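Trainee: can you look at this prediction? I've put the sequence above it.
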Amino acid sequence: MTRPLMTPVTLLTGFLGSGKTTLLQKLLTDPDMARAAVLINEFGEIGLDHQLLDRIDDNVVLMKSGCICCTVRGEVADALINLDEMRARGEIDFDRVVIETTGLADPYPVLQTLQAHPVLRSHFRSGGVLTTVDAVNAAAQMNHRAEAVRQIAAADRIVLTKTDLAGDVTDLRAALARVNPVARVVTSDMGASDILGDLDAVHSLIEPDACGTCGHHHDGDDHDHGHHHHHHDDTLGVVTFSLTVEHPLDWTDFGIWLTLLLHRYGDRIFRVKGILAIDGEDQPVAVHGVQHLVHAPVHMEHWPDGPRHSRLVFILEGIDPALIRRSFHAFMRLDDTTGAKAA
């Protein structure tokens with residue numbers, strides 16, 4: 001029985017009626033999920049009684065596919081610790097965890113728990129956020145329900161459901177990109193391996209062209225030293241904002257700046273993702289922050305296609321992007337009009 005050093009935890013979220021349960025049913029029967037542990041609210045909700053192989057205890061069952069299902073009684077942290085202890089005793093085996101949230105749940109507290117809990121952070125790591133979006137009703141939900149917007153903003157991958165009933169989803173895809181320009185959008189009729197594939201991979205943190213989806217506003221005169229884009233959707237109350245810097249950054253200065261920024265404004269920063277060119281490093285460093293927390297940086301093996309520039313994408317609520325730009329340029333000692341390193 002092989003126990004991974006750090007087990008990835010994938011969060012499955014989405015608004016009421018968006019197809020989370022249907023997608024979960026599909027994922028649980030896929031061979032790629034054979035060694036997964038799934039945290040759900042109630043066994044009856046997923047309708048998989050005919051696939052049960054054995055009941056390990058009141059809250060944990062083993063399915064014919066090899067997948068483990070666990071109901072959450074109380075805190076998610078307690079459920080994860082219980083699973084990890086059962087694995088350590090050799091009672092069960094799993095190599096990944098999927099947590100299904102309720103349709104009205106804010107995903108950020110669970111993400112914060114994974115990162116901040118003193119026990120969980122030693123055994124589990126974030127495996128990405130999978131958000132289901134109802135292609136028929138998403139536009140109305142995004143306009144009227146803050147939970148739906150936050151679930152989309154948190155996503156590393158967005159799964160469009162009911163596309164067979166929705167017709168053309170071009171406008172919806174554009175609206176999703178305005179809220180979350182760094183999430184890859186797939187459809188629920190794809191295979192499980194395509195939906196889950198490389199979800200938590202480092203190179204999926206930010207695509208080279210993600211900054212271009214944030215808007216088309218350039219700061220200052222035309223130059224090739226640094227620029228930013230932002231898009232503000234007044235209807236949704238969300239700002240997507242990007243920074244691109246062509247000069248290598250000082251890692252210590254950047255780390256202090258990001259930590260202070262999230263400490264001060266974390267409640268209004270849904271997430272920040274980026275790939276950085278660092279002084280003295282040939283390969284890029286990937287960074288990822290969620291509200292007040294910063295995940296451990298990851299040294300990537302190679303640069304993605306495109307220019308080898310530092311790129312940061314922010315998803316904000318109620319913050320003027322100019323505030324972040326000014327603080328970044330001041331802290332990193334960059335010229336505020338050109339982005340070049342100040343003398």
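Mentor: Thanks, I have it.
Trainee: what's the offset of stretch 281-290 from the middle of its chain?
Mentor: How far stretch 281-290 lies from its chain's middle: 15 Å, per Cα atoms, centre = their mean, to the nearest Å.
Trainee: next, the distance between the ends of it.
Mentor: By Cα to Cα, to the nearest Å, the extent of stretch 281-290 from end to end equals 25 Å.
Trainee: now it: mean pLDDT?
Mentor: Mean pLDDT, stretch 281-290: 88.
Trainee: grab the longest strand from the chain for me.
Mentor: Looking across the chain with DSSP state E, the single longest strand is strand 124-134.
Trainee: that one - contacts with which helices or strands?
Mentor: Here strand 124-134 touches strand 7-14, strand 96-100, helix 108-116, helix 146-153, strand 157-161, going by 3 or more Cβ pairs under 8 Å, 6 or more residues apart in numbering; DSSP states H and E. The C-beta positions use only the backbone N, C-alpha and C, and glycine is treated the same way.
Trainee: to residue 325, which of these lies closest?
Mentor: helix 146-153 (19.9 Å; Cβ to Cβ).
Trainee: CA atoms of stretch 111-118 as CSV?
Mentor: Included here for stretch 111-118 are C-alpha records, laid out as CSV according to Å, rounded to 0.1, in the frame of the first residue of the first chain:
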residue,chain,number,x,y,z
LEU,A,111,-9.4,26.0,0.8
GLN,A,112,-8.1,27.9,3.8
THR,A,113,-8.6,24.9,6.0
LEU,A,114,-6.4,22.8,3.8
GLN,A,115,-3.6,25.4,3.9
ALA,A,116,-3.8,26.6,7.5
HIS,A,117,-4.7,23.5,9.5
PRO,A,118,-1.6,22.3,11.4
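Trainee: walk me through the domains of the protein.
Mentor: 7-200, 209-331 (automatic domain parsing).
Trainee: could you dump those into CSV and include mean neighbour count?
Mentor: Listed next are those as CSV, based on neighbours: other Cβ atoms under 10 Å:
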stretch, mean neighbour count
domain 7-200, 18
domain 209-331, 18
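Trainee: ok but residue 136 is inside a helix, no?
Mentor: No. Residue 136 is assigned coil when assessed by DSSP: H, G, I helix; E, B strand; the rest coil, not a helix.
Trainee: helices or strands up against the helix or strand that contains residue 287?
Mentor: According to DSSP states H and E, residue 287 maps onto strand 285-290. Counting contacts by 3+ Cβ pairs under 8 Å, 6+ apart, strand 285-290 is packed against helix 108-116, helix 251-265, strand 269-276, strand 298-299.
Trainee: what strands line up against the next helix or strand after the shortest one, and which way round?
Mentor: In other words, strand 298-299. Beyond strand 298-299 on the C-terminal side, the first helix or strand identified by DSSP H and E is strand 310-316. Strands that pair with strand 310-316, judged by DSSP bridges, come out as strand 238-245 (antiparallel), strand 269-276 (antiparallel).
Trainee: give me the contact list for strand 310-316.
Mentor: 153, 179-182, 206, 208, 210-211, 214, 238-246, 248-249, 268-277, 287, 321, 324 (Cβ atoms under 8 Å, 6 or more residues apart in numbering).
Trainee: so for that strand, what's the average pLDDT?
Mentor: Strand 310-316 comes out at a mean pLDDT of 89.
Trainee: tell me how far it lies from the chain's centre.
Mentor: On the basis of Cα atoms, centre = their mean, strand 310-316 sits 13 Å off its chain's mean C-alpha point.
Trainee: mean pLDDT lowest where, among the helices and strands packed on strand 124-134?
Mentor: Mean pLDDT values for these show the minimum at helix 108-116, a mean of 81.
Trainee: against which helices or strands is that one packed?
Mentor: When contacts are defined as 3+ Cβ pairs under 8 Å, 6+ apart, helix 108-116 sits against strand 7-14, helix 76-88, helix 120-123, strand 124-134, strand 285-290, strand 293-294.
Trainee: give me the angle between that helix and helix 76-88.
Mentor: Orientation of helix 108-116 against helix 76-88 (axes from the mean of the first three to the mean of the last three Cα atoms, to 10 degrees) gives an angle of 50 degrees.
Trainee: tilt between helix 108-116 and strand 7-14?
Mentor: Using the same axes, to 10 degrees: helix 108-116 against strand 7-14 is 170 degrees.
Trainee: low-confidence ranges, the protein, go.
Mentor: Applying pLDDT under 70 to the chain flags the ranges 1-4, 41-74, 104, 200-237, 335-343.
Trainee: spatially nearest residue to the residue sitting nearest the centre point of the chain (excluding sequence neighbours)?
Mentor: In the chain, the centroid-proximal residue (Cα atoms, centre = their mean) is residue 156; its distance is 3.7 Å. Nearest-residue entry for residue 156: residue 128, 4.0 Å, with adjacent residues in sequence omitted and distances by Cβ to Cβ, 6 or more residues apart in numbering.
Trainee: over to residue 16?
Mentor: residue 103 (3.3 Å).
Trainee: repeat that for residue 126.
Mentor: Of all residues beyond its chain neighbours, the one nearest residue 126 is residue 114 (5.7 Å), with distances taken as Cβ to Cβ, 6+ apart.
Trainee: touching, the one you found and residue 124? I think so.
Mentor: Yes. Residue 114 is within contact range of residue 124, at 5.9 Å (criterion: Cβ atoms under 8 Å).
Trainee: overlap in contacts of those two?
Mentor: residue 9.
Trainee: thanks a lot, see you next time.
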